[in-house]
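Enquirer: Kindly generate the corresponding structure for this input.
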Amino acid sequence: MSKANRSKALAILAYFTFVGLIIAFIMNLEKRDRFIFFHIRQMLGLILMLIISNVIEAYVNSIFGSILWVITFLFWLHGLTTAIKGKSTEIPFIGNYFQSWFENIK
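Expert: Modelled structure (predicted):
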């Protein structure tokens, strides 16, 4: 498998549940591919958003939590699509925060 295909495959894998994220992270520790780490940071932020939306839905306001969940899902689709295209495009509005919050992952 070429380096570009490997990078793309691991970036896509990072978007498939927390387990996929962990596998992509571990498999990238040796090569330290910046493209893969970019998508790992984006997915970590999305997981954080998902947790927050579930907490809000359960304990605060179910409608607001559901709306936040749908937004998280749409952002997840955006991240997955950019990984499939082989691009490092941040998630709209908040992707730059994810990159800075998790900047130590590189």
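Enquirer: can you give me the offset of stretch 7-23 from its chain's centre?
Expert: 9 Å (C-alpha atoms, centre = their mean, to the nearest Å).
Enquirer: Stretch 96-105 too?
Expert: 11 Å.
Enquirer: can you check stretch 86-98 too?
Expert: 9 Å.
Enquirer: Output stretch 82-90 in PDB with nothing but the alpha carbons.
Expert: C-alpha atoms of stretch 82-90 as PDB (Å, rounded to 0.1, in the frame of the first residue of the first chain):
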ATOM      1  CA  THR A  82     -12.600  15.500   3.600                       C
ATOM      2  CA  ALA A  83     -10.600  12.500   4.800                       C
ATOM      3  CA  ILE A  84     -12.000  10.500   1.900                       C
ATOM      4  CA  LYS A  85     -11.000  13.300  -0.500                       C
ATOM      5  CA  GLY A  86      -7.500  13.300   1.000                       C
ATOM      6  CA  LYS A  87      -7.800  16.900   2.300                       C
ATOM      7  CA  SER A  88      -7.000  18.500   5.600                       C
ATOM      8  CA  THR A  89     -10.000  20.800   5.800                       C
ATOM      9  CA  GLU A  90     -11.100  21.900   9.300                       C
END
